[in-house]
Structure formats: structure tokens, C-alpha cells
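Engineer: Fold the following, please.
(2 chains)
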There are 2 protein chains.
Amino acid sequence: MGHYPVCLDDIRQAADALTGTVIRTPLLENADVNALLGGRLLLKAENMQRTGAFKIRGAYNRMLGLSKAERARGAVTYSSGNHALGLARAAAILGSSAVIVMPSDVPEAKRTAVWEMGAEIVTYDRDTQDSADIVAEIIQETGRIEVPPSAHPQVLAGAGTAALELLEDAGCALDAVLIPCGGGGLTAATAVVMHEASPATQVFAAEPELFDDTRRSLEIGHRVGNPRGRRTICDAIMTPIPNALTFSINSELLAGGVTATDDEVRDAMRFAFSHFKLVTEPGAVVGLAAILSGRVPIAGRTVATVITGGNIDAQGFARLLNQTP
Amino acid sequence: MGHYPVCLDDIRQAADALTGTVIRTPLLENADVNALLGGRLLLKAENMQRTGAFKIRGAYNRMLGLSKAERARGAVTYSSGNHALGLARAAAILGSSAVIVMPSDVPEAKRTAVWEMGAEIVTYDRDTQDSADIVAEIIQETGRIEVPPSAHPQVLAGAGTAALELLEDAGCALDAVLIPCGGGGLTAATAVVMHEASPATQVFAAEPELFDDTRRSLEIGHRVGNPRGRRTICDAIMTPIPNALTFSINSELLAGGVTATDDEVRDAMRFAFSHFKLVTEPGAVVGLAAILSGRVPIAGRTVATVITGGNIDAQGFARLLNQTP
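Structural biologist: Below you'll find the model as predicted:
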């Protein structure tokens, strides 16, 4: 079991370290929904996590792993989404600091949210500059530590605590778990948890139909990217290509990749709204959308998914809910 | 302790009887929200209950109390809201049946929802007929049992199970609990739970500013109604006057009544949306609105409220969230 970048023991240690700081989010189930689907559906509501997404788990665990001197220098990352919020808050909780690199044209609401979580924001011009260069410059000048959204073993260990809670709270055998997959960190960490603690459970990466880089990479056996210029409403998981670290796990442990169209994602948001009274962001319900669309059978089985986040403003939420194909 | 229509033992028995049928809904807390408020805020998310509101607890417990012959005859009630949904489902689960009396001009969506939960619907003309007469006729003709939304000890015992779970899951002393108050059933049942199991906890009825019949009745010492012709967005708790059964409890055990304006209720819905990712209906967050408006102090204290329901359609939800004063 020791040859993956993260193992169940690391995740258990992270779970201990995170207790009292992250929320043990509820695992939701509704008998009327189960009757409708003919099987048991379990939703791990990480949209209810601090900062509105599971990302704080990995960011906080990575920050805990820094030395005192490193924490004093602080963290830096490139993100305009849930990872930015999670890292900002994690750094603030630990009395450290975070710099978040964002394109200058990011919506004001996102900048405000990150700023409110306690981070410093550095903007760059999307047309003439590269985010990686800006991060590298900041590291060079300040000695800050880069905390990536998934490609670090301690970030993976933190993310895995969500899967560990899911398994513990399920209290029954899980036939399949679907994880919304962008960089693949939560997917990989979940795969490790199930591999070691519940080997009969199939773990699937769930992706937007037009951003199915992990699904195709799994089929081909090596990492392939998505064509440029595509769009999806699932902004949180619009990644160009699987990262090497998470793919080293996912390529060995996943049962496969499944996809959902944007219309199916909107339907899943409406389903979560009506039946579970949840506010979700589109990228967070790709797993649910794949289940509801029958990509992974649920009849007579127990199938779980993580609702990864709920950071969406009221107008955007209303627009998506009321949009018809 | 024996002189109220319901006591803690009844509620504990109901809790046992309801286990496995109703959802033990999560008690939500968020450290960042607590930091914002300077105290601990606990939300019992009964919007996540089966049928989207706490009402099924009372309806199901009352149905359990019927004899086999009574169950065969079935239940009847007047309601176009959450009690209708809860009773419809409770009857269906037990292999009984329910007739729901509704005005003929009720929105199609509400009729459909009740019908989908398995009930038969009888409509009447609001202008020329009285709902109580229709219910009485149905009882006369069919022998059905009336299951009221709050005015029955077994309905109260069922409702009280939500308060019992709240107290158990809090795992700490509660300084105050605010309950959205329409007929006053959940309020009364919560008051009984706290009176017997946590006597230092203050219980408040929370009402819309213009439907504060319980608050005024508590002040005056006897039941007084609301003037006719008033409106509020809190449709679930637009009651004309406290009912005698619940007021017999509330008048002795409550710490008082607090109110919130419709604007404050909309703000509370937005707060639940942003910080807890919850879909709520307006009447369900009157307690939260009163807390956020400072009607009951939270600084340095632990204050809880029940989010009583989340039955609202996407368009109505969007309209309320995006509405400004």
C-alpha cells in the first residue's frame, strides 16, 4: 500500500489534525429520493464546509505541514475559486498569510470574497502575463510557499478526510462513489481511502462532457488534455489536463470516468434544490448529474457522491435553476 | 410536570417511534459565522426533512396513534402547505390515506406536490364555502380522522422530536432557542422539551412583524388575533390567532415573543443561502432573522433556531433572494 503519494494513514492523521477546524459536513439521504431512484443515494454536503467548499481541508492540512519559519513567510497560490477561499481562510486561522494570484478581470465578487477570507490579492494581466510566472516571482521575492489546489501529498491527505468521513458516516457498504473531478485531487484521495478501507467500492471521476480529460486519459493510459476554446457552466473543474501526481493514483485505482452535459448538471442542481434544499455550484454536482443520468447504475445499490461546493451568487444560482435547455 | 397536554416522555416515545422514518436532520454550525456574530449559532435544518419541512413528524406520530380501523378510514385535514405534504406522505408510508382540503385557487404547483406525496385533494370555493365545513362534511360522510397541523397532543409530541434532536446534538448548554411560530405547535413542543431537559434555556416564539398574535397574546395574557387584511412573505405562518392547546403551553413556558420584518426575513434567507448553502422558505427563517436583527442577544452565548422548511419553487426563491427593500 505504500507506493502512492498518499496513503490511508496520512489521511487518518489529517483527519485528527483537522478536527475542530473543518466541519464534519452531513451525509444526506432521503427515503423518498431513494424510492424514486430504486437505490440508496448518499450526498456528502461539502458545500456546507467552511468557505463553501471542500478545498479548505487540503489547504489547511498543507499549511499545518509547514515549519514555523515557512508559516511566517506565508503561502501563495494561483486560483480565483474555491481553493483561493480555502487557502485564504486556512492561512488566517493559523496566523499565517496568503497571497492569491488572480487575473485582473476576475469578477469583483470573487475578489471581495477572497479578501474577506483574509488574503492579499495580486492581479495580473491575462493577455500579457502568465500566472505561473507571477507565482514564481512572488516565491523568489518573498520566500512564500506555494500551496497548489491538488498536486501535493499533504493537500491530497487533507482532501481525503472528506472521503473518510463519507465512508464512516455511510455505515453500510458503498457500491460506487462519484467525485466531481477537476485537477483530480479529491478523486485520487477518495480512491486511496476506498482502496484501503473499502476495496469493493468503485470510484469514478465525474467530469463535464467537454472537459473529460481524466476519462480519456484513463482510457488511453496516459495524460491527455482538453481541446482549447471549450466552455462549460462547471467553472470550478474546467482543467486543461490531469496533473501528474493525481493521475499516478487515478490511473491505477479508478473504476473509470463518467461525464454529464451542462443540461444534466442544471437538472442535478434543480434536483439538489428540490429534494435536498441545497445551494450548489454547477461543478459540484457533476457526480450527482451522472448518477441521475444513469451513467452509473443505482437501482438496488448504494451510490455516493460529494457535493464539492456551493459558492455561487444568488443571481447566478437563479439563472441556472430557471434555465431550460 | 404532568399538567401540560404533552410531556417529555411522550416526545421521547415519539422519537423512538419515528426513528428510521423521519430524517435526523443535521444541526449546522459554522465557525466563520460564529466569529461574525461573536457567539454560537446553531441551525436545525428541518428544511432537509422528508417532504421539506418538520411537519411530517407530527403528522406521522398522530397517524401511528390511530387504531387499525381508524387508519383504514384514513385522515383528513385542511392545509395547502407543509402540513398537507407531511400528512400525505405519513399516510402513504403507513398504508393509510389522506384527503387534503384546499381552496380551488391554490397554485397548481402546490396541488401537484401534495398529489405526488400520495394524497387525494378536495377543493372548495374560498368565496362561498368554509374549509372547516368541508372537513366536517368529509368526516361525517367517510369517518376519516382529522389530523390538525398542531392542535393535538400526538402532533405536538411528534414535532417535539425535532427539539429533542437539537438538544442532543448541540452537546452544550443552549442559552436560547427561537422557533418560527404559526399555530404554535413546534414552539410549544420545544418549550416542553427545554422545560424538562434544559430548564435554563429560554424559548422564544418568532413571528412575522404583522402576524405577532402569539407575542401580543403572551404580553396580554390571553389569546388575541391579528387584524384582517395584512400580508407577509411568510405564508407558512400567517395564522389568525394562537390555538388554545398550544397557547396553554406557550403562555406558561415561553420567555417571550420576538418578531422580524419581511425585509429582515429576506436578509436571513440570503444569510442562510451564502453561509449555510440552504434553500429556505421565508416563514422558516423568522427565528434566524430575529437573531441576526439582534432581538435576542447572541454575543458570548449559544443560540439555536429551527429552519422549519424549504418548500419554495426556484422562481419564488430567486425573486426573494434578489429583492431589495
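
Engineer: so how far is the host helix or strand of A:T190 off the chain centroid?
Structural biologist: Using DSSP states H and E, A:T190 sits in helix A:185-197. Here helix A:185-197 is found 13 Å from its chain centre; the criterion is C-alpha atoms, centre = their mean, to the nearest Å.

Engineer: Contacts made by the following helix or strand past that helix with the rest, please.
Structural biologist: Once helix A:185-197 ends, the next helix or strand along the chain (criterion: DSSP H and E) is strand A:202-208. With C-beta atoms under 8 Å, 6 or more residues apart in numbering or on different chains as the test, strand A:202-208 has contacts from A:175-181, A:184, A:187, A:190-191, A:194, A:213-215, A:218, A:232-234, A:237-238, A:250, A:253-262, A:265, A:283, A:286-287, A:289-290, A:296, A:305. Placement of C-beta: from N, CA and C, glycine included.

Engineer: Now the following helix or strand past strand A:202-208 - C-alpha only, CSV.
Structural biologist: Downstream of strand A:202-208, the first helix or strand assigned by DSSP H and E is helix A:213-220. Extracted in CSV, the C-alpha atoms of helix A:213-220 (Å, rounded to 0.1, in the frame of the first residue of the first chain):
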residue,chain,number,x,y,z
ASP,A,213,-9.5,14.8,-19.8
THR,A,214,-9.4,12.4,-16.9
ARG,A,215,-11.9,10.0,-18.5
ARG,A,216,-10.0,10.0,-21.8
SER,A,217,-6.6,9.8,-20.1
LEU,A,218,-7.8,6.7,-18.2
GLU,A,219,-8.9,5.0,-21.4
ILE,A,220,-5.7,5.8,-23.3
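
Engineer: any idea which helix or strand comes after helix A:213-220?
Structural biologist: As assigned by DSSP H and E, the chain's next helix or strand after helix A:213-220 is helix A:244-253.

Engineer: what mean pLDDT would you report for that next one?
Structural biologist: For helix A:244-253, mean pLDDT rounds to 97.

Engineer: ok now it, how far from the chain's centre?
Structural biologist: 16 Å.

Engineer: partners of the next helix or strand after it in the sheet?
Structural biologist: The helix or strand immediately downstream of helix A:244-253 is strand A:256-260, counting by DSSP H and E. The strands beside strand A:256-260 in its sheet (DSSP bridges) come out as strand A:202-208 (parallel).

Engineer: residues near the residue in the stretch 101-250 of chain A that chain B sits nearest to, how many?
Structural biologist: In the stretch 101-250 of chain A, the residue that lies nearest chain B is A:M117 (8.4 Å; C-beta to the nearest C-beta). Using other C-beta atoms under 10 Å in any protein chain shown, A:M117 is surrounded by 23 other residues.

Engineer: Please apply the same query to the one 3 residues further on.
Structural biologist: As a burial measure, A:E120 scores 14 neighbours (other C-beta under 10 Å).

Engineer: Please apply the same query to A:L164.
Structural biologist: If you count neighbours by other C-beta under 10 Å, A:L164 ends up with 20.

Engineer: Distance of the closest residue to chain B within chain A relative to B:L321?
Structural biologist: Among all residues of chain A, A:A318 sits closest to chain B, at 3.1 Å; criterion: C-beta to the nearest C-beta. When C-beta to C-beta, to the nearest Å is the yardstick, A:A318 and B:L321 sit 7 Å from each other.

Engineer: Quick check: neighbours shared by these two?
Structural biologist: Between them, A:A318 and B:L321 share no contacting residue, judged by C-beta under 8 Å, 6+ apart.

Engineer: Tell me the residues of the stretch 151-300 of chain A that contact chain B?
Structural biologist: Residues of the stretch 151-300 of chain A lying close to chain B (C-beta under 8 Å from any C-beta of the partner chain) are A:R270, A:F273, A:F276, A:K277, A:L278, A:V279, A:T280.

Engineer: Please narrow these to those residing in helices.
Structural biologist: In helices, defined here by DSSP state H, the members of these are A:R270, A:F273, A:F276.

Engineer: Pipe the residues you listed into JSON lines and attach pLDDT per row.
Structural biologist: Compiled in JSON lines, those are given as follows (pLDDT from 0 to 100):
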{"residue": "A:R270", "pLDDT": "97"}
{"residue": "A:F273", "pLDDT": "98"}
{"residue": "A:F276", "pLDDT": "98"}
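
Engineer: what separates stretch A:157-169 from the chain centre, distance-wise?
Structural biologist: A distance of 12 Å separates the centroid of the chain from that of stretch A:157-169, by C-alpha atoms, centre = their mean.

Engineer: got the CA positions of it in CSV?
Structural biologist: The C-alpha trace of stretch A:157-169 is given here as CSV (Å, rounded to 0.1, in the frame of the first residue of the first chain):
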residue,chain,number,x,y,z
ALA,A,157,-4.3,13.9,2.6
GLY,A,158,-6.5,16.8,3.7
ALA,A,159,-9.0,16.3,0.8
GLY,A,160,-9.2,12.6,1.6
THR,A,161,-10.7,13.4,5.0
ALA,A,162,-14.0,14.2,3.3
ALA,A,163,-14.0,10.6,1.8
LEU,A,164,-13.1,9.1,5.1
GLU,A,165,-16.0,10.9,6.8
LEU,A,166,-18.3,9.8,4.0
LEU,A,167,-17.3,6.1,4.5
GLU,A,168,-17.6,6.3,8.3
ASP,A,169,-21.0,8.0,8.2
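
Engineer: just checking, A:I249 touches A:S150?
Structural biologist: No - the pair A:I249 and A:S150 fails to qualify as a contact (C-beta atoms under 8 Å) at a distance of 10.7 Å.

Engineer: what residues are shared contacts of the two?
Structural biologist: Taking C-beta under 8 Å, 6+ apart as the contact rule, A:I249 and A:S150 both touch A:L156, A:A188.

Engineer: pLDDT on the helix or strand in which A:A69 is found, on average?
Structural biologist: Assessed by DSSP H and E, A:A69 sits inside helix A:68-73. The predicted model gives helix A:68-73 an average pLDDT of 97.
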